[in-house]
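Colleague: Sequence and computational prediction follow.
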Amino acid sequence: MAGKSFFIDTTRCTGCRGCQVACKQWNENPGTKTFQQGSYQNPPDLSAATFKLVRFNESAEATGDPKWYFFPDQCRHCLYPLCKMAADAVAKGAVNLDSRTRAVIFNPEVKISPTDFKGIREICPFDIPRHDEKLGGMAKCTMCFDRISEGMLPACVKACPTGTMQFGEREDILKIARNRLGEVKHVHKNATLVNPESVRVIFLLKDVPEKYHKFAERKEATGTTRLAGLKRFLYPASCLEKS
Amino acid sequence: MTNHWIDLRNADVILVMGANPASNHPISMKWMMKARERGAKLICVDPRFTQTATVADLYAPLRSGTDIAFLGGMINYLLDNDLIFKEYVVKYTDAPFLVNADFKMPGELDGEFSGYNKQTSKYDRKTWSYQLDEKGLPKRDPALQDPNCVFQLLKKHYSRYSIDKVSQITGTPKDKCEAVYKAIGSTHKPDRVATACYAMGWTQHTVGVQNIRACTIIQLLLGNMGMAGGGVNALRGEGNVQGSTDHGLLFHILTGYLPTPMASLPSLKDYIGKFTPATKEPQSVNWWSNRGKYITSYLKALYGDHATKENDFGYSWLPKVDDGMQASWLPLFVKMYQGAFEGFFAWGMNPACSSTGAGKVREGLGKLKWMVNVNLYDNETASFWRGPGMKPKEIQTEVFLLPCSSSVEKEGSISNSSRLAQWRYKAIEPLGHCMPDAEIMNELYFRVKTLYQKEKGAFADPILNLTWDYGEKDEKGKVKHLDIHKIAMEINGYYFEDLYDKKADPPKLIGRKGDLVTNFVSLQDDGSTSSGNWLYCGSYTQKEGKAVNMMARRGKEDPTGLGLYPNWAWTWPVNRRIIYNRASVDPNGNPWDPKRPLIKWNQANPETGQPAGWTGDVPDGPAPPLANEKEGKLPFIMKPLGVGTFFGSGLGDGPFPEHYEPMESPLPENPMSKKHRVNPAIPVAKLQAVAKDPSFLFSADFKRFPYVATTYRVSEHWQTGVMTRHLPWLLEMQPQMFVEMDRDLAAKKGITNGEKVVVTSARGRLDCAAIVTDRFRPFTVMGTTVHLVGMPWCFGWQYPADGSGGDSVNLLIPFMADPNTLIPESKAFLVNVGKLSEQPSDQPTKKKRR
């Protein structure tokens, strides 16, 4: 499928958070009041004012070298965005899919009730959507739609000094991602590409995804809740197969 | 840096030690990543598992303050396993030179070198000398076998640094030591090269200079100096700190590293005689033999036509220090605390947070009559009088806060770690009444000068005779607006007379009166040239009758393919991108490493008419390579003997680095010597005798303060945070003072992650949020467990305004310094940590959407 994609090679990420602050700057999102709560990760979570957040996690076991995992979290811009399917049912136009770039874009001006928002957030496999309580709409990464429409790189990609983040045509990005995985496999046995077939923001992780973030990887919906069933139903089978 | 940022990509092995570039120099990681793509190994040696460590191929922990033990072990390993570049060592270093037979080392004298005077804590350096032959040149043994040759002494000295011993001192696991030594040692081959990157983790110790020297010894043994991808590279922590030292902002130097004149040198002749080294080595360039030209041209830049041969070019107007006077940071603040000063300019700095012993510094500010603080924001220094524990009513200091422009509101040059002077343009007009620093100085100068003109006063000449022609003057004679280009041109220098090359027949015109000097080779000691800073000669030159700002060049060509980019801005000296580059070729001028040929000597080609000469980087002098017995020159042109020196006879604390414990250490005794726990060149007893409160200097009470502490920066904040704490996006990411500790220590103290705790030292106490982390781990040192905690130094009480940021870690840090440079020991000291019983109100305030 055509359109744009990101490659986020966390083997090169140094946790400098240039991406996080560049995102705030471009989107004119405010800094929020935070506190040191025992981690470099701040603000503690994504919000209507934070579309990109480097998550910091570390090893639990005191054996071998310490591990410090950096996960520059953001919307994955799914090929088949569940948030759109869920939102279309309750608030038409709240979530849009750009035909050229295939960016998944929230319209913050479309009001969503807290209950409807809860459903949309829960259906997202990556826990991305956030509700702007004041304005009543939803907010998240826009793929820097205004930048990429003018041929510029997304702000986070532009700011990255280490080459962790790349952006381009999907076929090219997939090729780069697979090549890079081949290179790092020698050193990092557990290295994986996360959901490369179903998302446009493809992470390369050194280690198993759970160590980076609870929602790093899209899990198969299990169980028999209405939501789980909905996820299975809405997600085309072709996307579930890993090639 | 001997090399430059982009050159990091050329290395085969990168040693990052005493630095954390991933956090503090994020862009440098671009080049380190490029090196790794080529298969280079990145090694990180640090007390904590840093952001740099996360991308390193090899991480080795070490107890803070034990770098010399670790590096001494490396020197021993290289020598034991013959991992040296022997031809380089024999030809380009002092390894073969024979040393005075009376010279003794710490292994023989229980921790001291020969010549130590217990009363003064000073060394008589008489025995730290080479044996000379009848020509006055060092006697040498090219086979490196003579027991008195530098090489054998080095071997003997470091034979005491076995991996077992090193591991016991540093707490580094033995296999980690060996893995690092082996990787670095692999670069002893001519076509393999390692770079070493350091920052304040090496310098801010009472053995700071010797930490760096240990590194230079390693890089010389491996033949890595002068090579592309090699060198000893100081990662400067501030964008223009290279520029500040280049331009003489320290007490002991004028511009271009010319020593500050002393009272015992009353005439220019005395000064030149004292500071101009002579050499009997015919193949040595001995560049400092040009000292007289540089100081004279400097005086001409200051005083112009007022500087004449008859008045010693105004040398007597230069301020002098008393012999032995240490007008450095710590002594200045001691004096201030003692009430010795009336006034103080804190220009672009925040000593109330940035200085060690910050508590006493804040008290010291209260002893002043007035203080001027030039800064972007109000800060802990300008507002010290209303800070924690202060009684504003009792403080008489009058404070003037002058708002200055930020870097984007003014034009000028900035010199980065690569010695690269880059011109910056003004992006926006200054806000409100803010002025560029130079304009503030212009205002100040005019007023001071007017007062001297009106009221005369003592020693008016240095002010009245100063050249200050930086733009159009108003009717009162004040420069209306300062033209920063005029200053850059003055730094470069002018011809004061038509200058001819008299060796040519007929004499050839070098430069015309009033033109900009071409480069420092043209500078004269007869007053016919000026240069504000000889190193920057050539940065703003004359081409085809026009002044050309070389620092504003933006050419992206890379003819060598090594990333030198010679047409991008301008590097001192003479646009040389890698210094000591003559050491990158063999004595015939062929690159040691054919894959990365930095420079190369080419014979004359009679067919094309091409004369003999160098290609590549700007070589360290145009002379032919060493093998040319008549004209060839040795590579280390700044050293009188032309060679790199293992034997550092000019330092105050020993010609070879030796491990001493930090002033505050968890060990009662130095494992290397019983007699000297700490650096013997520090006059401990003398300092303690004059201090009212000796524990303020340091406390060796490791029972009361059992944990090693170190300090650092975070990516999000700049220095004390004055510029960054005011930026909501950055403050959001690092909002509050914290202390990081290992899980065992936290468990022992009942501290949970995120909890508010108190850190105490002999100087004071500080509230911090605890980060309990696996990135810190206990060390096993001399059979005991040592815990290390770490704190950033970017916070202060004044902002954020609600006080939630905390305060400066410098409140806890000792007031002790390296005996050579007087840099404070901030990176290793002792603290205790404990729970803070009452919980703070950590309730997030309402989020605002802009």
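Modeller: Here it is on my side, so go on. Not measured: the values here are computed from a predicted model. Residues are numbered from 1 along each chain as shown, chains lettered A, B, ... in the order given.

Colleague: Which parts of chain A are helices?
Modeller: A:18-27, A:82-90, A:114-123, A:145-148, A:155-159, A:170-185, A:226-234, A:237-240 (DSSP state H).

Colleague: of all of chain B, which residue lies closest to chain A?
Modeller: B:Pro728 (2.7 Å; Cβ to the nearest Cβ). The way it works is simple: take the backbone N, C-alpha and C, and place the C-beta from them, glycine included.

Colleague: Show me the longest helix that occurs in chain B.
Modeller: helix B:437-455.

Colleague: Return the set of buried residues in that helix.
Modeller: Of all the residues in helix B:437-455, those buried under the rule 16 or more other Cβ atoms under 10 Å in any protein chain shown are B:Ala438, B:Glu439, B:Ile440, B:Asn442, B:Tyr445, B:Phe446, B:Lys449, B:Tyr452.

Colleague: one step back: for the residue of chain B closest to chain A, give its distance to A:Lys140.
Modeller: Distance, B:Pro728 to A:Lys140, using Cβ to Cβ, to the nearest Å: 21 Å.

Colleague: quick one: low-confidence ranges for the stretch 551-700 of chain B?
Modeller: The stretch 551-700 of chain B contains no residues with pLDDT under 70.

Colleague: so where do the strands sit in it?
Modeller: Per DSSP state E, counting those that start in this stretch, the stretch 551-700 of chain B carries strands over the ranges B:570-571, B:599-602, B:613-616.

Colleague: So what are the sheet partners of the first one and their directions?
Modeller: Each strand paired with strand B:570-571, and its direction, by DSSP bridges: strand B:420-424 (antiparallel).

Colleague: Return the distance of the longest helix of chain B from the chain's centre.
Modeller: With Cα atoms, centre = their mean, to the nearest Å as the basis, helix B:437-455 stands 32 Å off its chain's centre.

Colleague: Same check on stretch B:571-582?
Modeller: In this view, stretch B:571-582 has its centroid 18 Å away from the chain centroid, taken as Cα atoms, centre = their mean.

Colleague: next SSE after the least confident helix or strand in chain B by mean pLDDT?
Modeller: Ranked by mean pLDDT, DSSP states H and E, the helix or strand of chain B with the weakest confidence is helix B:694-697, at a mean of 86. Once the chain leaves helix B:694-697, the next helix or strand it forms, by DSSP states H and E, is strand B:707-712.

Colleague: Give me the neighbour count for B:Ser383.
Modeller: Neighbour count for B:Ser383, taken as other Cβ atoms under 10 Å in any protein chain shown: 18.

Colleague: The nearest residue to it once chain neighbours are set aside: what's it in contact with?
Modeller: Of all residues not flanking B:Ser383 in the chain, B:Gln798 sits nearest, at 5.3 Å (Cβ to Cβ, 6 or more residues apart in numbering or on different chains). By Cβ atoms under 8 Å, 6 or more residues apart in numbering or on different chains, the residues touching B:Gln798 are B:Asp378, B:Asn379, B:Glu380, B:Ser383, B:Gly387.

Colleague: Distance to B:Ala346, secondary structure and pLDDT for these - can I get that in CSV?
Modeller: Compiled in CSV, these are given as follows (distance: Cβ to Cβ, whole Å; DSSP: H, G, I helix; E, B strand; the rest coil; pLDDT from 0 to 100):
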residue, distance to B:Ala346, secondary structure, pLDDT
B:Asp378, 12, coil, 97
B:Asn379, 9, coil, 98
B:Glu380, 11, coil, 98
B:Ser383, 12, coil, 98
B:Gly387, 14, coil, 96
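
Colleague: Identify the farthest-apart pair in these.
Modeller: B:Asp378 and B:Gly387 (11.8 Å; Cβ to Cβ).

Colleague: Quick check: residues of the stretch 601-750 of chain B near chain A?
Modeller: B:714-716, B:727-738, B:743 (Cβ under 8 Å from any Cβ of the partner chain).

Colleague: Please state the offset of the least confident helix or strand of chain B from the chain centre?
Modeller: For helix B:694-697 - counting by Cα atoms, centre = their mean - the centre lies 26 Å from the chain centre.

Colleague: Same question for stretch B:330-345.
Modeller: The chain centre lies 24 Å from the centre of stretch B:330-345; the measure is Cα atoms, centre = their mean.

Colleague: And for that stretch, what's in contact with it?
Modeller: Residues from elsewhere that reach stretch B:330-345, judged by Cβ under 8 Å, 6+ apart: B:351, B:355-357, B:360-361, B:363-365, B:367-372, B:374, B:815, B:817, B:822, B:824.

Colleague: what sits against B:Val89?
Modeller: B:Ala95, B:Leu144, B:Phe151, B:Leu220, B:Leu221, B:Gly223.

Colleague: Distance check, the fourth one against B:Ala762.
Modeller: Same thing as B:Leu220. According to Cβ to Cβ, B:Leu220 stands 39 Å off from B:Ala762.

Colleague: So for these two, which sits in the more crowded spot?
Modeller: Using other Cβ under 10 Å as the criterion, B:Leu220 and B:Ala762 rank with B:Leu220 on top: 26 against 22.
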